[in-house]
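> Return atomic coordinates for the entry below.
(one chain, ligands or ions: 1)
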Amino acid sequence: MSSCSKLIAGKLIYEVSEVCIDEKTDSRGSFSEVFQNHWDSCLDPVQWSVVKSVPGVFRGMHLHKRHDEYFSLLSGHCLVGLMDLRPGSPTEGVYSLYELYGADMKALIFPKGLLHGWYFFEDSMHIQAVSESYVDYGKDDNWGCRWDAPDLEIPWPMDSVHMSSRAEGFPTVSELKSMLQDWEPFKDQKDPILQG
Ligand SMILES: Cc1cn([C@H]2C[C@H](O)[C@@H](COP(=O)(O)OP(=O)(O)O[C@H]3O[C@H](C)C(=O)[C@H](O)[C@H]3O)O2)c(=O)[nH]c1=O
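The predicted structure follows:
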């Protein structure tokens, strides 16, 4: 029986969409729509990327104050960790840990203000989309914390990872929060759930 992508620890975070991709197969192969505006997710994509990773690679943890993101694993096996750092969010401080398999291509669409990172168990390829181009956000809205920060509560199963030299120097969650002063992601938002 093929493995199924799912949440394996933590809880669903406010404004995160988990989308099962409907792969339509026939005698020639298959056709899968991987994104639709009418899904009513938080994302308005302006850039799509394909990312290939070798076993043991960790990408992140990153956080962006301005843009939303999309992630779908096309082949391979990975973990995706999210943590809500948004002041005033109904799920502030909540984490989600997903185990994904390329076989079902489940998509995760998540809003600005969530720490996010992905770990790859084997050679993998994923697509991701952002609502602000890298050329515009890369210099001033590309925050991060260490994947193994003691105050990041995500229960990663691995002891060591291969990451970028930039990620090696990332701060802890509390150090990152001290850099995100005067950040009001829900200012002027009208969702009743935000009224407390
Ligand atoms: C993000 C990005 C990167 N690049 C170039 C810059 C570097 O030469 C190379 C790898 O970039 P970086 O090390 O920033 O990529 P990751 O550390 O894997 O970051 C990725 O994983 C974490 C979890 C994220 O949230 C990032 O948005 C996502 O891109 O691709 C581009 O050309 N365009 C892009 O949009």
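> Which helix or strand contains Glu15?
In this assignment (DSSP states H and E), Glu15 forms part of neither any helix nor any strand.
> ok, it - how many residues close by?
Around Glu15 sit 21 other residues, with neighbours defined as other CB atoms under 10 Å. Every C-beta, even on glycine, is put in place using the N, C-alpha and C of the backbone.
> Just the buried residues of the helix or strand bottoming out on mean pLDDT in the chain, please?
Comparing every helix and strand of the chain by mean pLDDT, DSSP states H and E singles out helix 134-137 as the least confident one, with a mean of 94. By neighbour count, with 16 or more other CB atoms under 10 Å as the criterion, the buried positions of helix 134-137 are Tyr137.
> So, low pLDDT: which residues of this protein?
Flagging of the chain using pLDDT under 70 yields the residue ranges 1-2, 196.
> List the buried residues in the lengthiest helix in the chain.
Of all segments of type helix in the chain, defined using DSSP state H, the longest is helix 173-179. Of the residues in helix 173-179, those buried under the neighbour-count criterion (16+ other CB under 10 Å) are 173, 176-177.
> Go through the residues you listed and name the one nearest the ligand.
The shortest separation between the ligand and any of the buried residues of helix 173-179 is 13.9 Å, and it belongs to Leu176 (by CB to the nearest ligand atom).
> For that closest one, which non-adjacent residue is closest in space?
Beyond its immediate neighbours in the sequence, the residue positioned closest to Leu176 (CB to CB, 6 or more residues apart in numbering) is Cys145, lying 4.5 Å away.
> Confirm Leu79 sits in a strand?
Yes. Residue assignment for Leu79, taken from DSSP: H, G, I helix; E, B strand; the rest coil, places it within a strand.
> Around the ligand, pick out the residues from the chain.
The chain has residues 49, 59-60, 62, 116-118, 134, 164 near the ligand, with proximity defined as CB under 6 Å from any ligand atom.
> Mind doing that once more with 5 Å?
Along the chain, the residues adjacent to the ligand under the rule CB under 5 Å from any ligand atom are 59-60, 62, 134, 164.
> Residues in contact with the longest helix of the chain: which ones?
63, 83, 85, 115, 143-145, 149, 151-152, 170-171 (CB atoms under 8 Å, 6 or more residues apart in numbering).
> just to revisit the earlier point, immediately after the least confident helix or strand of the chain, which helix or strand?
Once helix 134-137 ends, the next helix or strand along the chain (criterion: DSSP H and E) is strand 143-144.
> where along this structure do the strands fall?
Read by DSSP state E, the chain holds these strands, from start to end of the chain: 6-10, 17-19, 23-26, 29-32, 47-53, 58-63, 69-75, 77-84, 95-101, 107-110, 114-120, 124-130, 143-144.
> quick one, which of those is packed in tightest?
With neighbours taken as mean count of other CB atoms under 10 Å, the strands of the chain reach their highest mean count in strand 114-120, at a mean of 25.
> Direction included, what does it pair against?
Take DSSP bridges as the rule and strand 114-120 pairs in its sheet with strand 58-63 (antiparallel), strand 77-84 (antiparallel).
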